[in-house]
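Asker: pasting a predicted model and its sequence here:
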Amino acid sequence: MENLSRVMLITDMDGTLLTDDKKINPIDLKAIEQFKLLGGIFTVATGRNYQSASRYFKELSIEYPVILYNGGMIFDVIHNNPVYIDELHSCAEDVCNEIFKNFPDVACEILTSKDIYVVQNNEFEQAHNDYCKVVPKYCSLEYFISNIKSNQKRIKMLFAMSPEVMPPLIRFINANGYNKYLDFVKSTDNYYEMLPKNCSKGTALEHYKQIFGLKDVVIVSAGDYNNDLEMLKTSHIGVAPNNALDIVRKSADFVTNHNNNTGAIAETIDYIISKFLSY
């Protein structure tokens, strides 16, 4: 290639692009600027909603649509509107209610195309909102069902809990067959997410390619956790930072020597340049 105009780099944010203190390493930022100067297409795919992800977009000079909600939305940041939305099955609130009955200490936030609704809170949910720097709306699940559900598209639910609660919660969900109409993914040791059926960063990337005509573009994706696996598999080249889970590292085509704190994305861009750019 004479330049990188036919290469797209799409990266996860938390644990991949962002450092542990939720900042962008200047080393990575400089490399991203170089990648774009060489013609490369750069964007992000995150489990975050627009409110929590968008505060990084100016620093990154994002010009291309982003994938949000772990694949539930593709958002055009230039024209400030969603171009694709996937929606939860109508049974989602019933499942949430059953989870509350059996796991009363589990918190939940419901993410719609417009807002975040915390329908049950705990310390892990509060910590999540604090580090994401979002301002949710608080209400009961009953109020959400009666007054919000029919007026907004519900994209995902995030359940927050202590790590020891996660395994029995997963067993409960599987035993009751809730994954027949919904998908579930672990995004950290404290957070388990409910998504529309067959919704992932990978399926969103497939929609992305069709919507924006990326047939001849080489797609390189980077991610560190379970919710990134499908995106890595869907891409031509999947990259895992050194800090990624073992299952993600094993699924990746390239594993960086650096982690999210020390320049994993910069190393990924060096790899792309050495692989695709002709001098």
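Answerer: Yep, that arrived. Numbers count the residues shown, from 1 in each chain.
Asker: off-centre distance for the one helix or strand residue 233 maps to?
Answerer: Using DSSP states H and E, residue 233 maps to helix 229-234. Put simply, helix 229-234 sits 12 Å off its chain's centre (C-alpha atoms, centre = their mean, to the nearest Å).
Asker: show me what that helix is packed against.
Answerer: With contacts taken as 3 or more C-beta pairs under 8 Å, 6 or more residues apart in numbering; DSSP states H and E, helix 229-234 sits against helix 201-212, strand 218-222, strand 237-240, helix 246-251. No exception for glycine: its C-beta is placed from N, CA and C like everyone else's.
Asker: what's the average pLDDT for it?
Answerer: Averaged across helix 229-234, pLDDT comes to 97.
Asker: show me the contact partners of that helix.
Answerer: 10, 12, 45, 71, 200-206, 219, 221-223, 238-240, 247-248, 251-252 (C-beta atoms under 8 Å, 6 or more residues apart in numbering).
Asker: for residue 160, give the beta-bridge partners.
Answerer: Assessed by DSSP bridges, residue 160 has beta-bridge partners residue 107, residue 191.
Asker: which ones are touching it?
Answerer: Contacts of residue 160 by C-beta under 8 Å, 6+ apart are 106, 107, 108, 109, 122, 124, 125, 128, 190, 191.
Asker: want to throw the helices and strands packed on helix 229-234 into a markdown table with distance to residue 96 and mean neighbour count?
Answerer: Shown next, in a markdown table, are the helices and strands packed on helix 229-234 (distance: least, C-beta to C-beta, whole Å; neighbours: other C-beta atoms under 10 Å):
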| stretch | distance to residue 96 | mean neighbour count |
| --- | --- | --- |
| helix 201-212 | 22 | 19 |
| strand 218-222 | 30 | 25 |
| strand 237-240 | 32 | 26 |
| helix 246-251 | 27 | 14 |
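Asker: and these: which comes nearest residue 28?
Answerer: strand 218-222 (10.6 Å; C-beta to C-beta).
Asker: can you list the strands that that closest one pairs with?
Answerer: strand 7-11 (parallel), strand 237-240 (parallel).
Asker: can the ones you listed go into JSON lines with extra columns for distance to residue 1 and mean pLDDT?
Answerer: Output for the strands paired with strand 218-222, formatted as JSON lines (distance: least, C-beta to C-beta, whole Å; pLDDT from 0 to 100):
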{"stretch": "strand 7-11", "distance to residue 1": "7", "mean pLDDT": "98"}
{"stretch": "strand 237-240", "distance to residue 1": "14", "mean pLDDT": "98"}
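Asker: now do residue 278, the pLDDT please.
Answerer: 68.
Asker: follow-up on the earlier one: make JSON lines from the strands paired with strand 218-222 and add distance to residue 160 to it.
Answerer: Below are the strands paired with strand 218-222 laid out as JSON lines (distance: least, C-beta to C-beta, whole Å):
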{"stretch": "strand 7-11", "distance to residue 160": "24"}
{"stretch": "strand 237-240", "distance to residue 160": "25"}
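Asker: tell me where the model's unsure across this structure.
Answerer: 278-279 (pLDDT under 70).
Asker: all the helices of it, residue numbers only.
Answerer: Per DSSP state H, the chain carries helices over the ranges 26-37, 50-53, 57-60, 92-102, 123-132, 141-147, 166-175, 201-212, 229-234, 246-251, 264-276.
Asker: run through who's touching the fourth one.
Answerer: So that's helix 92-102. 106, 108, 110, 119-120, 141, 144-145, 149, 154, 157, 159, 169, 172-173, 176, 178, 182, 194.
Asker: weed out the non-buried ones from those.
Answerer: Buried by 16 or more other C-beta atoms under 10 Å: 106, 108, 110, 119-120, 141, 144-145, 149, 154, 157, 159, 169, 173, 178, 182, 194, out of the contacts of helix 92-102.
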